[in-house]
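Student: Give me a 3D structure for the following:
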Amino acid sequence: MLPSRVPGTFFILPLVLLATMAAPAGAQSLAQPNSWTVTPFIGASTGVSGANTDNSLGLGVGIGYDLTSNLGFEGELGHLFDVAGNDANLDWSVTNVSGNVLYHFDVQHVTPYVTFGLGFERSNLDFKNPDPAALTIPSSTEVAYNFGGGVKYRLNDNLIVRGDLRRFQAVDLAPDHWRLYGGVVFDLKR
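Tutor: Predicted coordinates:
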């Protein structure tokens, strides 16, 4: 099981160190100008806000376009299956759709990156046996933003593995959370 909180230094310190490292001669980002990528991923949430919430497994896909070797854009769809945890009467799924900007750093052997995105978060509550007298929170779709970073490592000419950690913040009722995922990037050549 993932911890309920991700310490800020666990996330921020490695990104600051990677961002301030001088790139060795010949270091090059894995991102190639004017190229498309598709990244299916599996992940998990942690640090989900709200009472009676828990971590959840999730799936998703990102479709990216690298404008330069450093700057890229990505559309992403991610889904968490049940952040309500072990509540047999409630399933609480969360779906994110976002557009993200990625900045890739020039580091030898791997490519670390940071990202920021804006989109929508759909929080869907499904009560198995609703109590007519109980006050229930409605399902909602809200504006959400995300920020984070990760690292990419090339396996061969067409495949890259990727690890990513992001914080998702919604503006109202949908739960805020961290998402950690691993994915395989299919590098579609021009």
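Student: Buried by neighbour count: which residues of the lengthiest strand in the chain qualify?
Tutor: If you go by DSSP state E, the chain has its longest strand at strand 111-127. Neighbour-count burial for strand 111-127 flags 111-115, 117, 119, 121-123, 125 (criterion: 16 or more other Cβ atoms under 10 Å). Placement of C-beta: from N, CA and C, glycine included.
Student: Now do the residue positioned nearest the centre of the chain against residue 55, distance only.
Tutor: In the chain, the C-alpha nearest the mean C-alpha coordinate belongs to residue 166, at 4.7 Å (Cα atoms, centre = their mean). From residue 166 over to residue 55 the distance is 15 Å, taken as Cβ to Cβ, to the nearest Å.
Student: Residue 67 now?
Tutor: Taken as Cβ to Cβ, the span from residue 67 to residue 55 is 35 Å.
Student: Let me know the average pLDDT across the helix or strand that residue 160 is a member of.
Tutor: Using DSSP states H and E, residue 160 sits in strand 159-170. Here strand 159-170 scores 94 as its mean pLDDT.
Student: Then stretch 103-119?
Tutor: Mean predicted confidence for stretch 103-119 is 94.
Student: What is the distance between that stretch and the centre of its chain?
Tutor: Chain-centre distance of stretch 103-119: 13 Å, with Cα atoms, centre = their mean, to the nearest Å.
Student: now the end-to-end length of it.
Tutor: Stretch 103-119 has an end-to-end distance of 18 Å (criterion: Cα to Cα, to the nearest Å).
Student: Stretch 97-111 too?
Tutor: End to end - Cα to Cα - stretch 97-111 spans 24 Å.
Student: Please apply the same query to stretch 39-57.
Tutor: Stretch 39-57: ends 17 Å apart by Cα to Cα.
Student: What does the closest residue to the residue nearest to the centre of the chain other than its chain neighbours show for phi and psi?
Tutor: In space, residue 166 comes closest to residue 148 once its chain neighbours are excluded; the distance is 3.2 Å by Cβ to Cβ, 6 or more residues apart in numbering. Main-chain torsions, residue 148, degrees, to the nearest 10: phi 170, psi -150.
Student: hey, what's residue 148 bridged with?
Tutor: With DSSP bridges as the criterion, residue 148 is bridged to residue 115, residue 166.
Student: Test my guess that it contacts residue 115.
Tutor: Yes: the criterion here is Cβ atoms under 8 Å, and residue 148 meets it with residue 115 at 5.8 Å.
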